[in-house]
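Engineer: show me the folded form of this:
(4 chains)
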2 protein chains.
Amino acid sequence: MPHLLLKDLPRYECLLEAAKELPGLDPSATEAFLHLLRTSDDAAGVTERNLTNHNISQGRFCVLMLLWRSHHPRAAKLLGAEDCCGPRTPAELADAAGVTRATMTGLVDTLERDGFVTREPDPADRRMMSVRLTAKGDKFLQDLLPGHFKVTASVMSSLTEAERRTLVELLVKVQQNVAALRRAKEEPAGAAAPI
Amino acid sequence: MPHLLLKDLPRYECLLEAAKELPGLDPSATEAFLHLLRTSDDAAGVTERNLTNHNISQGRFCVLMLLWRSHHPRAAKLLGAEDCCGPRTPAELADAAGVTRATMTGLVDTLERDGFVTREPDPADRRMMSVRLTAKGDKFLQDLLPGHFKVTASVMSSLTEAERRTLVELLVKVQQNVAALRRAKEEPAGAAAPI
DNA sequence: CAAAACTCATTAGGCCGCTAACTGTAAGCC
DNA sequence: GGCTTACAGTTAGCGGCCTAATGAGTTTTG
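Structural biologist: Alright, predicted model coming up:
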């Protein structure tokens, strides 16, 4: 599950030493990069363990949350839905979750097997399915969420409000940079293709 | 591969709204938590794509790096080895990489199949194997590393040196907190068991 | 010395990502 | 109408992660 398979990060002095022999190694960038992945892994591990105790994976949990938003208008604010109708079809769910449709098929398969969701054919377009949260799935979420929020809050409990804001600002800077890098990489190919 | 299956994060105002209806939801903690996972996923995605282009996964790459350290004393500094001898057996590698031994067996399987490493039985203890980087594996790393460092540096290129230091400080605070939480969770059980 | 306990590596089976190929349906265009 | 194209969902197969169980070898201990 982890992104980074390196338990103990190298110390900064070691990176400085290593940079002498490995041209191209940027010590401060590498340090920040490794710490970002390590911390994220640790943090995700805490919440994931909580979810695992309830026999659910991160991916399945996310699908339930998305469906919950779709079927409970009051909850829509939680996940930032701009419109009132959230994702319901496998394709929409896959897009919202950032996974492929094939992956979403598998997630919905297991959720359906466990009785948390149902698949219903769309009467208008026979290609489409509509995924719906069952009462069991809804209750499961209701039971799970308080603990989930508690765990999430505990992970960040060592940072003050100001530190949290600073952290988010720095992370957003990195996110925007990564997004820009990706666009720069894709555009040369994307601009040439659609002739 | 991603930890967080949620493409678009909720806006902070939405979290504030949601907190009114969902007791226990800490808006600033949730925001920081989600941004941490999202950014880490994005950053890891960039380097992972680079590795994938070379037909290697994050996990296999990490094993190669660990072995490289073990067999190239000059490289030991890079990964922060305190002693001169790095991990060589599957168990040591699994421990250093933070995965199970079963997982390491699979990683070494594919690396051996591709000719990057070899397994040799330990003459002293016949339970043990010793994993060794081949010349092909060494060359592969030599070719890969410059690009890998370049990509890593580019991810962090939007932060100044001072911002990188601040980011690392905040991340370390979270790491230490998570480690403390984990110890607190494990000790009650761990203290009772070893009677 | 022999049984018990431990350790090493592996295997078996499951979940969850992915890509690529496939089926069935809808829509656009002679 | 019939053809092509595009799209929704699924299937098949692979990689990598996990846990649990297994077989082989070592160490501990009575």
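Engineer: for the residue nearest the centre of chain A, give me its contacts.
Structural biologist: For chain A, the residue nearest the mean C-alpha position is A:Ala97 (7.1 Å; C-alpha atoms, centre = their mean). The contact partners of A:Ala97, by C-beta atoms under 8 Å, 6 or more residues apart in numbering or on different chains, come to A:59, A:62-63, A:66, A:104, B:5-7. Every C-beta, even on glycine, is put in place using the N, C-alpha and C of the backbone.
Engineer: swap in A:Ser70?
Structural biologist: Applying C-beta under 8 Å, 6+ apart to A:Ser70 gives the contacts A:85-88, A:133.
Engineer: one more time with 6 Å, if that's ok
Structural biologist: Counting by C-beta atoms under 6 Å, 6 or more residues apart in numbering or on different chains, A:Ser70 touches A:86, A:88.
Engineer: ditto for A:Asp125
Structural biologist: No contacts exist for A:Asp125 under C-beta under 6 Å, 6+ apart.
Engineer: if we can go back for a sec, of the contacts of A:Ala97, buried ones?
Structural biologist: The neighbour-count test (16 or more other C-beta atoms under 10 Å in any protein chain shown) marks A:59, A:62-63, A:66, A:104, B:5-6 as buried among these.
Engineer: DNA strand C next: which of those residues are close?
Structural biologist: Residues of these in contact with DNA strand C (C-beta under 7 Å from any atom of the strand): A:59, B:5.
Engineer: for the buried ones among the contacts of A:Ala97, work out which two are farthest apart.
Structural biologist: Spatially, the most separated pair among the buried ones among the contacts of A:Ala97 is A:Met104 and B:Leu6, at 13.5 Å (C-beta to C-beta).
Engineer: follow-up on the earlier one: among the contacts of A:Ala97, which ones are in helices?
Structural biologist: In this view, the contacts of A:Ala97 that belong to helices under DSSP state H are A:59, A:62-63, A:66, A:104.
Engineer: and the residues you listed, which is closest to B:Arg164?
Structural biologist: A:Cys62 (30.5 Å).
Engineer: contact partners for the residue lying closest to that closest one once chain neighbours are set aside?
Structural biologist: Nearest residue to A:Cys62 in three dimensions, chain neighbours excluded: B:Leu5, at 3.9 Å (C-beta to C-beta, 6 or more residues apart in numbering or on different chains). Counting by C-beta under 6 Å, 6+ apart, B:Leu5 touches A:59, A:62, A:97.
Engineer: phi first, then psi, for B:Leu5.
Structural biologist: The phi/psi pair for B:Leu5 (degrees, to the nearest 10) reads phi -100, psi 70.
Engineer: wait, does the longest helix seen in chain A contact chain B?
Structural biologist: Ranked by residue count, the top helix of chain A under DSSP H comes out as helix A:161-192. Yes: Helix A:161-192 comes into contact with chain B (C-beta under 6 Å from any C-beta of the partner chain), by way of A:161, A:163-164, A:167-168, A:170-171, A:173-175, A:177-178.
Engineer: could you say which helix or strand contains A:Glu112?
Structural biologist: helix A:101-113 (DSSP states H and E).
Engineer: so which bits of the helix or strand following that helix are buried?
Structural biologist: Proceeding N to C from helix A:101-113, the next assigned helix or strand is strand A:117-121, under DSSP H and E. Neighbour counts over strand A:117-121 (16+ other C-beta under 10 Å) mark A:Val117 as buried.
Engineer: alpha carbons only: can I get strand A:117-121 in CSV?
Structural biologist: Taking Å, rounded to 0.1, in the frame of the first residue of the first chain, the C-alpha atoms of strand A:117-121 are listed here in CSV:
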residue,chain,number,x,y,z
VAL,A,117,-24.7,-0.9,-2.5
THR,A,118,-26.9,-2.2,-5.3
ARG,A,119,-26.7,-1.9,-9.1
GLU,A,120,-29.8,-0.9,-11.0
PRO,A,121,-30.0,-0.6,-14.7
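Engineer: okay then, goodbye and thanks.
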